[in-house]
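J.: next comes the sequence, and after it the predicted model I'd like to discuss.
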Amino acid sequence: MIVNQKVAERERSMTLSLGKVWGQYSIIWVLLGIIIIASIFLGESFLDIQNFVNILRNNAILGILALGMAFIIISGNIDLSIGSMLVAVGAIAIAITNFFGTLFNPELGWLAIVFGILAALICSAVFGALSGLIVTKGRVPSFIVTLGFLSIYRSVSMYFMEGGGFFSNVPAFTKISNSNLFGIIPLPIIYFAIIAAACYYIAKYTRFGRHVYAVGSNEKAARLSGINTDRVKILAFMLMGLMVALAVIIETSRMNSINATSSGQGYELNAIAAVVIGGVAMNGGRGSIIGVVFGVLLLGVISNILNIAGVDVFLVNAIKGTLVVLAVLLQRKEAVR
Amino acid sequence: MSEYALKMIDIDKSFDTVPVLKNVSLFVRPGEIHALLGENGAGKTTLMNILGGVIEAGSGKIEIGGKEVSIHSPSASQHHGIAFIHQELNVVNDLYVYENMFLGYELTNKYGRINAKDMIGRSREIFDYMGVKLDPKAMVGDLDASYKQIIEIAKALLRNANIIIMDEPTSSLTSAEIEHVFEIMRNLKEKWASIIFISHKLGEVVEICDRYTVLRNGEKIIEDDIHKPEGTATPEMLARYMVGRDVLSVEVYEEHSIGEVILQVENLSAHPDLKDVSFQLRKGEILAFTGLLGDGRTELARAIFGDLKIHSGSIKVSGKKIVNKSPEKARKRKFGYVPDNRKENGIVKDLTVTENITLSTLGSFKKLLGINRKKENEVAEGFVQSLRIKVPSLDSYITSLSGGNQQKAVLAKWLHSKPEIMIFANPTQGVDVGAKNEIYAQIMQLAKKGVAVMVMSGEAQEVIKICDRVCVMYHGEIKGELDRTECTEEALMILSTGGSLN
């Protein structure tokens, strides 16, 4: 009885502290500030619904990858291979779709696409499990393992695609990304929103999510609490793989193709940047999905602003880089306090 | 030359008005190995830190070679020929022996280029003087632990030290390695160097030392020769001097019934510190394991809990043979483990109080999808009240709690998993006195409920307070077993220093 009262009291104090939530995510303030300043200086070319829709659509893929990367980094690891893995998985997805596309009647094109998506999901989960197994059972740092796979996936993809691209020949394939909900919201934004909500739930309300934080914060204590820390890490890599598959399906559908040389180039670094800007600690254990989503938005808004303001394309990455370093500097300050 | 190489006379020292040394004197002759003995907190380290220039004495004087000196800094201490070899050795594994010898004092030519040839030569001279066969060009990482100790001694000689303080030099060595270090110490003695030897292993003290000084609660109890015409000092005798008779204890032990055997460990060995350990544990019994640093009791706990690979031997639970391949398997078999070094092994610093308490048992909070957070908080709140854990709120980080309260949270984690066999490693490490007794009370409660309890502890008083039975370990083996009625601080000291009773 007393226990229940106490808990209720505490829950009330938790929900009432909305101010605390805002304080926790200082990134939201930063984002709002930037939007206001940009609106003042750039006017309607920036402050326009269609522009914001574009920002969201253009960053949905990065966002999905960053969500997967968040689990990896919170668990105390890193995955550098996702950009290359994306190419390999995308090529497999298109190859399978095309194969069944020529096999079936044109009306059954959707079934070919389902097979393509399933193949992508299965392959990426296997790829993720492979990295996870080598990291845990082989005791090789994830930095090294995934650095190796970064080269492997890219190189093997280039070999099979002869350095060029794969095109989908099932017409319906492009509909996955190039359709709008209610005629205004591009589907990639919807996918990102659903996946972000799922990730938020996983991080906060599932055993796996809790274990990811525990393993990243103190692996030894987690292990001695009877947690199978190896399994947690392998699952995190598999989840990352699934995110790669989802991202690549959206990407290939949008372009109707994947290119061995240019696709996925630098995606891993952008995903890591978004995660870090979103306040996830590089050495694991701390960070939130909400923060990561805002990290993605912040990066996207800034690219957009630089683009509209006519800043030289060659300078854009310098500014993004500065942002990453600043974000980590701020984290340090907070940690010291 | 004066009769004494070193005289520390009437040294007084207080920390914040709490006296830690009261008129302590220490006299060391040239060419002697002098044992400095006492329990933890007796004042040995403080006295040696004064000699090493780490802290300053409140009053008293120090004479070296008959001349009064003042030592205000470690470099002044070094200047007077004193070398302090700490328990944790300061050698770099990835450098050559000679590079270690000259670390920070490298010989260079006038352009600043390292002069390896001279350094190798000087190292060789020192090793010859000491009577050691050691190649200065060997890689330190390839040498066994005794050589690392010897390199430290050689370093001391290189800096012209003739008073060498050795703080528990043998605690991490095997018996063959210990013999090796002793040989070098005897050689040095021949050359009229003085060695102050701090050790808890009284058997070794009797073997190697010439004289001893015993401190207890900051006072000098006795100074005497080891070998006297009427007989040689024994470890038992030294232990009695160290412990004294004024040991108070608050009664925490309660009578409880002890059931049938639940855990049988037979000839358990695990690399590197556990050899052929066998024992039985009954339901409702509190079995303590004690010993000195390097006795293997932590390894024993980890091996049983699946955190350390078992080399040979077997573990049976209720007569059935089991192998705990990982802590996860152990948890599922109803084992619990409150580990030592709470910060490193016990708490997850980025999780909240609730999340730490429910970490091992998250599976029991399942709802349709995911975790029932409300139920989690209810359970945590229950423990906060029953164990009287002082928390700002359930969703504050575990690190905002004091050490004792953190330990209670770790305990709560395992209480909720309802273990049948509960292992505690240093359960009151870094815990204040009040919380200590509360943790003892919880251990008693567990035993009363029929849980089989193992307590690994280096604190003799703790063992005496709570155990039904105690196994004393020495170098990875069980050296003796005592009943609650036979268990005295003296007996524990004798067994854990390698002596035998009767």
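T.: That came through, no problem.
J.: which positions in chain B make contact with chain A?
T.: When proximity is defined by Cβ under 8 Å from any Cβ of the partner chain, chain B lies next to chain A at B:305, B:307, B:326-328, B:330-332, B:337, B:339, B:344-351, B:355, B:359-360, B:362-363, B:366, B:369-371, B:373-374, B:377-378, B:381-382, B:385, B:393-395, B:413, B:417. In short, each C-beta sits where N, CA and C put it, glycine included.
J.: go again using 7 Å as the cut-off
T.: Residues of chain B lying close to chain A by Cβ under 7 Å from any Cβ of the partner chain are B:307, B:326-328, B:330-331, B:337, B:339, B:344-351, B:355, B:359-360, B:362-363, B:370-371, B:373-374, B:377-378, B:381-382, B:385, B:393-395, B:413.
J.: helices along chain A, start to end?
T.: Assigned by DSSP state H, the helices in chain A fall at A:2-16, A:18-24, A:26-42, A:49-74, A:82-103, A:109-137, A:142-160, A:187-205, A:207-217, A:219-224, A:229-255, A:267-277, A:289-308, A:313-336.
J.: and the ones you listed as CSV, adding distance to chain B, mean pLDDT and mean neighbour count?
T.: Formatted as CSV, these follow (distance: least, Cβ to the nearest Cβ, whole Å; pLDDT from 0 to 100; neighbours: other Cβ atoms under 10 Å in any protein chain shown):
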stretch, distance to chain B, mean pLDDT, mean neighbour count
helix A:2-16, 5, 51, 13
helix A:18-24, 10, 52, 11
helix A:26-42, 18, 85, 14
helix A:49-74, 9, 93, 24
helix A:82-103, 25, 91, 24
helix A:109-137, 12, 93, 20
helix A:142-160, 19, 94, 18
helix A:187-205, 4, 94, 18
helix A:207-217, 4, 95, 24
helix A:219-224, 5, 94, 22
helix A:229-255, 9, 94, 25
helix A:267-277, 16, 93, 25
helix A:289-308, 14, 92, 22
helix A:313-336, 11, 77, 13
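J.: wait, what's in contact with whichever residue of the stretch 201-337 of chain A sits closest to chain B?
T.: Going by Cβ to the nearest Cβ, chain B is nearest to residue A:226 of the stretch 201-337 of chain A, at 2.9 Å. By Cβ atoms under 7 Å, 6 or more residues apart in numbering or on different chains, the contact set of residue A:226 is B:327-328, B:330-331, B:360.
J.: the worst-scoring helix or strand of chain B on mean pLDDT packs against which elements?
T.: Ranked by mean pLDDT, DSSP states H and E, the weakest helix or strand in chain B is helix B:235-243, scoring a mean of 81. For helix B:235-243, the packing partners by 3 or more Cβ pairs under 7 Å, 6 or more residues apart in numbering or on different chains; DSSP states H and E come out as helix B:202-208, strand B:211-216, helix B:489-496.
J.: buried set for the very next helix or strand once past the second one?
T.: On the C-terminal side of strand B:211-216, the nearest following helix or strand under DSSP states H and E is strand B:219-225. Burial within strand B:219-225, assessed by neighbour count using 16 or more other Cβ atoms under 10 Å in any protein chain shown, is assigned to B:219-221.
J.: Serialize these to TSV and add fields for distance to residue A:69 and pLDDT.
T.: Shown next, in TSV, are the buried residues of strand B:219-225 (distance: Cβ to Cβ, whole Å; pLDDT from 0 to 100):
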residue	distance to residue A:69	pLDDT
B:219	62	90
B:220	63	91
B:221	63	90
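J.: put together TSV for those residues, with distance to residue A:114 on each row.
T.: Compiled in TSV, the buried residues of strand B:219-225 are given as follows (distance: Cβ to Cβ, whole Å):
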residue	distance to residue A:114
B:219	85
B:220	86
B:221	85
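J.: can you give me how far stretch B:355-372 is from the chain middle?
T.: Once both centres are worked out by Cα atoms, centre = their mean, to the nearest Å, stretch B:355-372 turns out to sit 37 Å from its chain's centre.
J.: now do the contacts for the spatially closest residue to residue A:121 that is not a sequence neighbour.
T.: Closest residue in space to residue A:121, ignoring its immediate chain neighbours: residue A:245 at 4.7 Å, by Cβ to Cβ, 6 or more residues apart in numbering or on different chains. Listed by Cβ under 7 Å, 6+ apart, the contact partners of residue A:245 are A:89, A:120-121, A:124.
J.: sorry, back to before: just to be sure, which of the residues of chain B next to chain A are found in helices?
T.: Of the residues of chain B next to chain A, the ones assigned to helices by DSSP H are B:327-328, B:330-331, B:355, B:373-374, B:377-378, B:381-382, B:385, B:413.
J.: top of these by number of neighbours, please.
T.: Highest neighbour count within these: residue B:377, with 27 neighbours (other Cβ atoms under 10 Å in any protein chain shown).
J.: that residue against residue B:354, yeah?
T.: Yes. Under the criterion of Cβ atoms under 7 Å, residue B:377 lies in contact with residue B:354, with a separation of 5.6 Å.
J.: what is in contact with the two at once?
T.: Common contact partners of residue B:377 and residue B:354 (Cβ under 7 Å, 6+ apart): residue B:394.
J.: could you give the angle of the least confident helix or strand of chain B to helix B:489-496?
T.: Relative orientation of helix B:235-243 and helix B:489-496, computed by axes from the mean of the first three to the mean of the last three Cα atoms, to 10 degrees: 130 degrees.
J.: chain center to helix B:235-243, what's the gap?
T.: 19 Å.
J.: that helix vs strand B:211-216, what angle?
T.: For helix B:235-243 against strand B:211-216, the angle by the same axes, to 10 degrees is 40 degrees.
J.: please export the C-alpha coordinates of helix B:235-243 as PDB.
T.: Taking Å, rounded to 0.1, in the frame of the first residue of the first chain, the C-alpha atoms of helix B:235-243 are listed here in PDB:
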ATOM      1  CA  PRO B 235      54.400 -16.400  13.500                       C
ATOM      2  CA  GLU B 236      52.000 -17.200  16.300                       C
ATOM      3  CA  MET B 237      53.900 -14.900  18.600                       C
ATOM      4  CA  LEU B 238      54.100 -12.100  16.100                       C
ATOM      5  CA  ALA B 239      50.400 -12.400  15.300                       C
ATOM      6  CA  ARG B 240      49.500 -12.000  19.000                       C
ATOM      7  CA  TYR B 241      51.600  -8.800  19.200                       C
ATOM      8  CA  MET B 242      49.900  -7.500  16.100                       C
ATOM      9  CA  VAL B 243      46.300  -8.200  17.100                       C
END
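J.: outside of it, which residues touch it?
T.: Contacts of helix B:235-243 (Cβ under 7 Å, 6+ apart): B:37-39, B:202-203, B:205-206, B:212, B:214, B:216, B:221-222, B:489-490, B:493-494, B:497, B:499.
J.: OK, contacts around the closest residue to residue A:192 other than its chain neighbours?
T.: Closest residue to residue A:192 apart from its sequence neighbours, by Cβ to Cβ, 6+ apart: residue A:60 at 4.0 Å. Taking Cβ under 7 Å, 6+ apart, we find residue A:60 in contact with A:188-189, A:191-192, A:250.
J.: residue A:186 too?
T.: By Cβ under 7 Å, 6+ apart, the contact set of residue A:186 is A:53, A:57, A:180.
J.: in CSV: those, plus distance to residue A:219.
T.: Below are those laid out as CSV (distance: Cβ to Cβ, whole Å):
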residue, distance to residue A:219
A:53, 42
A:57, 38
A:180, 45
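J.: circling back to that earlier point, and the residue of the stretch 201-337 of chain A closest to chain B, how far from residue B:85?
T.: Look at residue A:226 and residue B:85: by Cβ to Cβ, to the nearest Å, they are 41 Å apart.
J.: let me know the closest of the contacts of residue A:186 to residue B:311.
T.: residue A:57 (59.9 Å; Cβ to Cβ).
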